[in-house]
Structure formats: C-alpha cells, structure tokens
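Asker: coordinates only, sequence not included:
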C-alpha cells in the first residue's frame, strides 16, 4: 500500500501525482513540445499546406506558362473542367470503390486467418504480406502485364475454364483480351492496395479476445452468427481504416490505368498529370486536382460519419 | 437423474450421423476450411507478381518486350548495369532514399515525442496536419508542389524531389514512432528515476533504447516509400534527375530491359530479409521479456 502511495499507478489518467511524474519524465519547460514539433511542423506547413493554397490560387488564374499567370478569380474553370472530365472522375471513383470492396473481401479472410488460425506461422505470414509490397510498385504492376498478356498462362487458363466467355457475357471485357480492360485496371488496383487493407484489419482482429468466440459458441450461436454479432462489429475500426487507406490512394492512382488499361479506362489522375506535364494547362489541371481532393474529402467524411452511427446502433 | 434419461436414449440415435461424415468428407472439409483456403488464394494473388518478376529475370527475350518466356539465361544477372541509365537512376534513388530517410526520421521522431508525451495547445491541429498528407492522393500532393515550385521559380531537380519525399515520409514516421512510445510501460522510466537517474540518463538509457525498434521500423518504411515513389517524384523532377521508378516508367512503353527484373528480384529478397530479421528480433525480445 505504501509503495502505491509513493509511486502512483502509471497509466491512471489525471491525478496530480501522475501529472507531476510525467512532467518530470519529459522536462518541465512549457516550450519543449513546441521546439520538438517545430521542424516537422514547419516542413509540413511549407511543403504540404502552402502548396495546396498555391494549387487553389493556380486554378483561379488565367494566362499561360510563357506569358505568365494572373489571378482573375476565374471560378468558371470549375464547371468547365468538371463538365469536360466528369467521365474520368466518375470512372476513377467507381474503379476505386470496386477495388476497395474486392480488397476487403480478399483481405478479411487473410487477416482473420493470420490473427486466429496461423499459430506459430503468424510472424512468417505477416512477413509475406509486407515484404512483397516493399518491392517496386511499378515493377510489380508491369508483372501484371506479363500475367494478363493475351498469350500468357492466366488468359489461357481462364479461356479453358470458360471464364473468359463468362466475363464477356457480363460485358466486363470484349474479345479475348484481359489487358486494357477495366477488369485489368481494377485487378491491379485491388492488388496494389491489398496490404493497406490487410494490416489495419489484422491489427483490429488481433485485439479481439478469442474467448469471445468461445462464449458465442457456448451460447449456441452458429459460427456464422458468432462472426456477424461478435467478430465483425469488433473489427469495424479496422474495416473503416482499411477501406479509407485503399480508396483514397486508389482514386488518385494512374499507374494501374496507364500500364494495365487503355484510353477507354483513363482515370482522373492521368488527366491531371497529363494537363500539368504535357498539355501545360495549369489552371485546368489545378482545378481538377482540387475537385479530386474535395470529392474524396466529402466522400470520406460521409463514410466516417455513417460508419460511426452504424457502430452505435 | 431425469436429465440422463433422454441423453441415454439419444446416444443410439446419434450414432448413424457420426458414421456419415466420411461419406460427405470433401464438402465438409471444404466448409470447415473455407477461410484458410480463401487466405491461401489471397496469398497466391499477392505473391504471383513477385514470382513473375523473379522468373522473368532469367528470361532471354527475343524482341524488346520481356512479355513471354523464351529461354533460361543469366545474361541480365551478369550485366545488371547493361542498359544505359539504369544504374545512374538506381544511384540517384538510393541517394535520395538515404537522405530523405535520415531527415524524415529525425524530424518525425522529435515530433512523435512531443505528440505522445506532452500536453500542449493546438494538439488537434497538429494531428490534422500529420494525418492529412496520408489521406491526400499523391496526384494532388505532387501537382500542388509543382505549382509551388513553378510559381516561386524554384528549379526542379534532385533537391525538389528530396523536399517532397521528406514531406510525405514525415507523417508515416510520426505515426509509427508515436505508436511505439504509446506502447511503452511508463513504470520503466519511473523506476529509472527512482534509482536516481536524471532526465538525460533516463532518456538515453531507458526511453531511447525502448523506442529504437519503432524508429528503425519508421526509417525502413521511409526508405521503401521514397525509393518506390513515382507519382509525386514525377511532378517534382526534371529531365536530368531520373529516379529508378521514373526510369522504369520510361522504359514501360518502349520495352523493359530484363535488368529491371533483376533489380526487382534483389529488392524483393532484401525486403524479405529486412522484414524477416525485424520479426525475428522482436520475437526474441518478446520471449526474453516473458521470461
């Protein structure tokens, strides 16, 4: 008891002795946190926040790269750019959403197996999830070109199994080609962002006490009901984090649509980079960039709100 | 007593179903193992491209395109710097990767300590500032940096690439190191202080060694992010500063040399051993801690 009184229980929130201890552990000066934050904070403000202001301003300027730009508050660029590229914008969101749903369906059993069924193989399996994705994104996307190539083994196997006919029936591909179709782009997107889905899912599943499964079983729930009423709700933070980490980069990505797609699968990222780096139409490109960011922010806000209320229900 | 009676009567009735499973064996086995089978298929999907990369590094393509398997050859492995520009771009990527890792890890670690250990005004603002770069599509970050540099007449090149890489690595470093600090047992530091260590000694001998694995993980992640980035790099680079991903992108349209697969294979093996060693070390220390 006396020991407890002298050394307050750590981790207990509040409590003046704990505060004093914490202050002692890290230095008393009030300026310390600001000094520690200063370099990183300044870097992020100058090279992340300020450029976004420049981007917004650029979108409202008129002129050209050679004659120079002047800020004319040209808001009409927004409806014009949206009208001209709405197809690519919507396509990007649809592809990203499809890839997110597919990644969730693929990653959930994967994360579940690693968290609950892997036993002593758990660490090895985690290495196998992380390591491939530390290898060049571009080289791996180019490997999908090999895999999906018309005379490649996958195309042959799918054709033999009748899958190609099925896909053509649904209208996902035309002819016998896989490469250059929306299907190839979504396959690549799903693949590229799979670890961003798997790792948050794993982190939230790993925290679930396995005894809860046993309790559900003891109370006569079937494995499926047990999953639906116990595991799935408890893993929701992982589902939300994983879907966000997949959807956001996928919506802006253009590597997959460029390397695995065709002109008919152009995504908004390709338009933005093309306008900036080849066409040199900075205002339109900047406006599209702003629209992309605002669209994603709006969708993410609605999604987080909704998943928050669902959790409460 | 009464409970045992129906039990005894159900035993013979329960026998026939017990004998049945072998007959519907495959279906039942499949149903019971559905989740691990799905996981195994997911692993195949995840590893297939890496297998293809390794396999095609031993290919001897007839044309410019390394698409179809021709014959086994070690040519690319014997001459990894063969194609013009490949090793220059690798060198630039390595240099940018090392410098941006060092700076981002240093800046991010300082900020992580402030965010995990201090109470200060403006916490929520710093949280948003750290979170936003991770939630912004790369095209948006790249294009906004390009407008900044063009408007301020900053010449594009290795320096602007470096600035961009440090920017997007910092957030990942902060999140990784912060998680490690938050997971520390505060009693260890209190014990050090009780044993008359001063603040400096406590930090150097207790806190820092305990946070070090998190800092190392953050550094590895930074290097991987920097070395692999194409989209933001492409916006902030000039024609004379070609990183390895830019080189790969450039060759994609006119036929990739086999040497790219050699580099991909080496990267895969290095990443595999780095992550594997990391896991081994953390397993060992956990075992030691448990003892």
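Answerer: Looks like it arrived, so ask away. None of these values were measured; they are calculated from a predicted model.
Asker: Give me the neighbour count for whatever residue of chain A ends up closest to chain B.
Answerer: At 2.4 Å from chain B, residue A:252 is the closest residue in chain A, using CB to the nearest CB. Just so you know, the C-beta spots here come from the backbone N, C-alpha and C atoms, and that holds for glycine as well. Residues near residue A:252, counting by other CB atoms under 10 Å in any protein chain shown, number 25.
Asker: residues contacting it?
Answerer: Going by CB atoms under 8 Å, 6 or more residues apart in numbering or on different chains, residue A:252 touches A:92, A:268-269, A:292, A:296, B:137-140, B:231.
Asker: leaving aside the residues next to it on the chain, what's closest to it?
Answerer: residue B:137 (2.4 Å; CB to CB, 6 or more residues apart in numbering or on different chains).
Asker: so who does the one you found touch?
Answerer: Neighbouring residues of residue B:137 by CB under 8 Å, 6+ apart: A:248-249, A:251-253, A:269, A:292-293, A:296.
Asker: Greatest separation within those: which pair is it?
Answerer: A:253 and A:293 (14.2 Å; CB to CB).
Asker: Please report the distance of residue B:97 from chain A.
Answerer: Note on residue B:97: its distance to chain A, by CB to the nearest CB, to the nearest Å, is 12 Å.
Asker: List the buried residues in stretch A:266-278.
Answerer: Of all the residues in stretch A:266-278, those buried under the rule 16 or more other CB atoms under 10 Å in any protein chain shown are A:266-273, A:275-276.
Asker: Where strands are concerned, which of these count?
Answerer: Among those, DSSP state E puts none in strands.
Asker: Which strand or helix spans the residue nearest in space to the middle of chain B?
Answerer: In chain B, the centroid-proximal residue (CA atoms, centre = their mean) is residue B:221; its distance is 5.2 Å. With elements taken from DSSP states H and E, the one containing residue B:221 is helix B:208-228.
Asker: what packs against that helix?
Answerer: Secondary-structure packing of helix B:208-228 (3 or more CB pairs under 8 Å, 6 or more residues apart in numbering or on different chains; DSSP states H and E): helix B:86-117, helix B:158-182, helix B:259-290.
Asker: which one of these is the most hemmed in?
Answerer: Mean neighbour count (mean count of other CB atoms under 10 Å in any protein chain shown) peaks for helix B:158-182 among the helices and strands packed on helix B:208-228, with a mean of 23.
Asker: Now tabulate the helices and strands packed on helix B:208-228 in TSV and tack on mean pLDDT.
Answerer: Output for the helices and strands packed on helix B:208-228, formatted as TSV (pLDDT from 0 to 100):
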stretch	mean pLDDT
helix B:86-117	95
helix B:158-182	94
helix B:259-290	83
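Asker: any chance of the ones you listed in a markdown table, plus distance to residue A:130?
Answerer: Below are the helices and strands packed on helix B:208-228 laid out as a markdown table (distance: least, CB to CB, whole Å):
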| stretch | distance to residue A:130 |
| --- | --- |
| helix B:86-117 | 17 |
| helix B:158-182 | 13 |
| helix B:259-290 | 5 |
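Asker: Spit out the contact partners of residue 109.
Answerer: Looking at chain A here, since you left the chain open. B:34-36, B:38-39, B:42.
Asker: my bad, the chain I had in mind was chain B
Answerer: B:173, B:177, B:211, B:215, B:218.
Asker: Great, nothing more from me.
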